[in-house]
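Undergrad: Just a sequence and a predicted model for now, questions to come.
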Amino acid sequence: MHGQANFGCMKDEIKLSESDETEIKSLLEPLNKINETSGNNEVAKLANDLRICIATKINLDSLPSLLKSQGSSASATLSDIIKDLGDPLIPSRAHAIIQLGKQFAAKNPLVIENAELLQRILMENLTHDDSYVFLAAVKCLAQISWCNTKIFLTE
């Protein structure tokens, strides 16, 4: 696949230790700088995709086990949505964002309880080049703000 990166950093099998996570987090700023300053559009896009992938993986690993449980069919659905938020395939990721927005619209207590962390994941997707992902993130953030305005308002 020329021109498109498929970063496997979202796979469930990859678990990061705390020291690995710290080292990987240190890559976020340089990748952002490459994205902003690179004269080569493909290099900039790859850097941005990798930055989003890393940030999403770190935030997904931070979600409490409550969201990752497979207890009921509702939590299984939510678990699938959370897993797909980190999918490197654009349609899967965007669909997960849309489904997450529906969970906020339905006022699912599990997603509302974790709104701040989910907001950070969605904010990372605002910089995605693909409009399907970007617009899905905008709409989902609007749903979050409707359910929990405190995250967006500062004193």
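TA: Nice, I can see it. Remember, predicted model here, so these are calculated numbers, not experimental data.
Undergrad: Distance from whichever helix or strand residue 49 is part of to the middle of the chain?
TA: Applying DSSP states H and E as the criterion places residue 49 in helix 41-62. How far helix 41-62 lies from its chain's middle: 9 Å, per C-alpha atoms, centre = their mean, to the nearest Å.
Undergrad: Quick one: mean pLDDT over that helix.
TA: Taken as a whole, helix 41-62 carries a mean pLDDT of 77.
Undergrad: That one - contacts with which helices or strands?
TA: Here helix 41-62 touches helix 18-25, helix 28-37, helix 73-85, helix 115-125, going by 3 or more C-beta pairs under 8 Å, 6 or more residues apart in numbering; DSSP states H and E. Backbone N, C-alpha and C define where each C-beta goes, glycine included.
Undergrad: Can you spell out which helices and strands pack onto the last one?
TA: Packed against helix 115-125 by the contact rule (3+ C-beta pairs under 8 Å, 6+ apart) you find helix 41-62, helix 90-105, helix 131-147.
Undergrad: can we see that at 10 Å?
TA: helix 41-62, helix 73-85, helix 90-105, helix 131-147 (3 or more C-beta pairs under 10 Å, 6 or more residues apart in numbering; DSSP states H and E).
Undergrad: Of all those helices, which one comes closest to residue 123?
TA: Proximity to residue 123 (C-beta to C-beta) singles out helix 131-147 among the helices and strands packed on helix 115-125, at 7.5 Å.
Undergrad: which secondary structure elements does the closest one contact?
TA: Partner elements for helix 131-147 (3+ C-beta pairs under 10 Å, 6+ apart): helix 90-105, helix 109-113, helix 115-125.
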